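In: Sequence and predicted structure are below.
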Amino acid sequence: MLQDDSLVVSAMVTPALFILASASLLATVLVRMARVVDSVRDLARHSGPHAGASADIVRRWLERHKHRAAYALRAIATLYAAVVAFVASCLCLALDRIGITLPGGWAAALAIVGAVLLMVGCGWMLAETRLAGLQLDEEIARATLGLEEMTDVVYPDRPRS
């Protein structure tokens, strides 16, 4: 009996590890979503030129944040669905252990569904990260340009590199 119990517990560990992985990714994407929200609120609070940016640039940034938020929300929903699938997989194993027999393969099928959802959620996170990288590159380029313009005002006769 003890050996049977340990087999069930061992079988339940795998979905539990996937639940932990999904939860960790969810925490990450929720933080990224909060950053998008903060950036949008900051841009909205400073409507008009933002740090010397034209209306077109601010509009492009807001549009990019809109897409980032959409990707993040898709990742959140997909990762939550993965957690549900992994929990259901664990429940199938536990129900089987107490004698409530489900049609064969439910636990494995739910674990596979959860793993696929986990991969899809990571894909949405990758898309959001790509847009975040583009945003960061553009903001760094604008800040660098601003520094060069400030240096030109302070040192107008300096040689250009």
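Out: Happy to help now that I have it.

In: Which residue, neighbours along the chain excluded, lies closest to Leu73?
Out: Met33 (7.2 Å; Cβ to Cβ, 6 or more residues apart in numbering). All C-beta spots, glycine's among them, are computed from the backbone N, C-alpha and C.

In: and that neighbour, how far is that from Tyr71?
Out: Applying Cβ to Cβ, to the nearest Å, the value for Met33 to Tyr71 is 9 Å.

In: So which of those two has more stuff around it?
Out: Neighbour count, other Cβ atoms under 10 Å: between Met33 and Tyr71, Tyr71 has more, with 24 against 18.

In: That one should be in a helix, yeah?
Out: Yes: membership of Tyr71 in a helix is supported by DSSP: H, G, I helix; E, B strand; the rest coil.

In: Reduced to three states, what does the nearest residue to it once chain neighbours are set aside come out as?
Out: Spatial nearest neighbour of Tyr71, excluding adjacent residues (Cβ to Cβ, 6+ apart): Glu128 at 3.8 Å. At Glu128 the chain is in helix, as set by three-state DSSP.

In: Then Ile100?
Out: coil.
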